[in-house]
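Participant: here are the coordinates; sequence isn't available:
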């Protein structure tokens with residue numbers, strides 16, 4: 001291969017990477033747009049959305065109290081997790097304990113958001129199931145009703161939520177450790193935390209559509225991963241809006257509706273890929 005061929009190959013590879021990046025950004029904002037479509041239900045089905053907001057309001061009040069408690073004790077926790085800094089200079093000790101305190105709060109927030117979503121879905125299951133069903137019927141080709149006992153459904157949802165929470169905690173601990181790295185811990189780690197939190201939120205919120213079609217949690221994660229950027233767009237936008245005062249109350253029912261739209265997109269695309277001739 002001569003120099004021109006090598007240069008052409010590098011140019012083509014660079015162009016392909018650029019195109020992939022543009023597609024990823026476009027898909028990310030397509031996921032954000034899904035949340036916008038979910039929020040429009042407040043205008044078309046206000047009573048149903050208000051019912052979905054009640055569980056979020058009740059559970060949210062409890063979780064806000066817990067996060068405030070963690071924030072008030074963050075300094076004590078930071079001292080407890082940094083015994084190695086006891087003999088450092090005042091400036092170094094204060095810096096590492098500040099980083100530790102921020103990391104503690106960030107980990108608590110990540111776990112709280114995912115746990116809040118899981119608990120709210122369990123508490124408000126009848127309301128969120130109605131929102132999911134309304135979206136399915138409006139879009140067409142809704143799955144048939146599943147004859148499953150109430151306790152069996154709760155047990156399955158709780159088991160899936162527990163596995164997601166364990167995975168979230170594992171990733172959260174890694175981010176917690178990364179929070180001690182100067183500059184990186186205060187810049188990149190919060191961004192990664194929002195993306196991680198967004199991913200787990202999206203996986204949690206899409207349970208209704210996947211469960212109704214007999215898909216397992218493993219199927220859900222695998223299929224959502226095929227449209228990772230779109231899933232991250234929806235999940236991250238939801239995650240960030242949870243930090244707006246009363247944002248979780250307004251967004252939670254809309255996020256269920258948006259996650260239903262995402263699930264339908266992903267499942268239909270997965271079915272087309274499955275049936276496509278080799």
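Facilitator: All right, it came through fine. Quick caveat, the model's predicted, so the values are computed rather than measured.
Participant: Residue 139 against residue 264, yeah?
Facilitator: Yes. Residue 139 is within contact range of residue 264, at 6.1 Å (criterion: C-beta atoms under 8 Å). All C-beta atoms are positioned from the backbone trio N, CA, C, and that covers glycine.
Participant: So for the two, which sits in the more crowded spot?
Facilitator: residue 264 (19 against 11; other C-beta atoms under 10 Å).
Participant: Can you give me the separation between the more buried one and residue 198?
Facilitator: Taking C-beta to C-beta, to the nearest Å as the measure, residue 264 falls 19 Å from residue 198.
Participant: any weak-confidence spans in the stretch 1-150 of the chain?
Facilitator: Applying pLDDT under 70 to the stretch 1-150 of the chain picks out residues 1-16, 18-19, 145-150.
Participant: any chance you could map the helices in it?
Facilitator: Using DSSP state H, counting those that start in this stretch, the helices of the stretch 1-150 of the chain run over residues 3-39, 41-44, 46-72, 74-81, 90-123, 125-139, 150-178.
Participant: would you list those in TSV and tack on distance to residue 216?
Facilitator: Formatted as TSV, the helices of the stretch 1-150 of the chain follow (distance: least, C-beta to C-beta, whole Å):
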stretch	distance to residue 216
helix 3-39	23
helix 41-44	28
helix 46-72	25
helix 74-81	37
helix 90-123	17
helix 125-139	18
helix 150-178	9
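Participant: Ok, which of these comes nearest residue 204?
Facilitator: helix 90-123 (5.0 Å; C-beta to C-beta).
Participant: residues of that closest one that come out buried?
Facilitator: For helix 90-123, the neighbour count (16 or more other C-beta atoms under 10 Å) marks 93, 96-97, 99-122 as buried.
Participant: which stretch among the helices of the stretch 1-150 of the chain comes nearest residue 219?
Facilitator: Of the helices of the stretch 1-150 of the chain, nearest to residue 219 by C-beta to C-beta is helix 150-178, at 11.4 Å.
Participant: Tell me the helix or strand right after that closest one.
Facilitator: Toward the C-terminal end, the helix or strand that comes next after helix 150-178 (DSSP states H and E) is helix 184-205.
Participant: just checking, what packs against that following helix?
Facilitator: helix 90-123, helix 150-178, helix 217-225, helix 228-241, helix 247-275 (3 or more C-beta pairs under 8 Å, 6 or more residues apart in numbering; DSSP states H and E).
Participant: which residues are in contact with the third one?
Facilitator: For helix 217-225, the surrounding residues in contact (C-beta atoms under 8 Å, 6 or more residues apart in numbering) are 160, 163-164, 202-203, 206-207, 210, 215, 231, 262, 266-267, 270.
Participant: from these, which is closest to residue 35?
Facilitator: Relative to residue 35, and with distances defined as C-beta to C-beta, the nearest of the contacts of helix 217-225 is residue 262, at 9.3 Å.
Participant: contacting residues around the closest one?
Facilitator: 31, 34, 202, 206, 224, 227, 230-231, 234.
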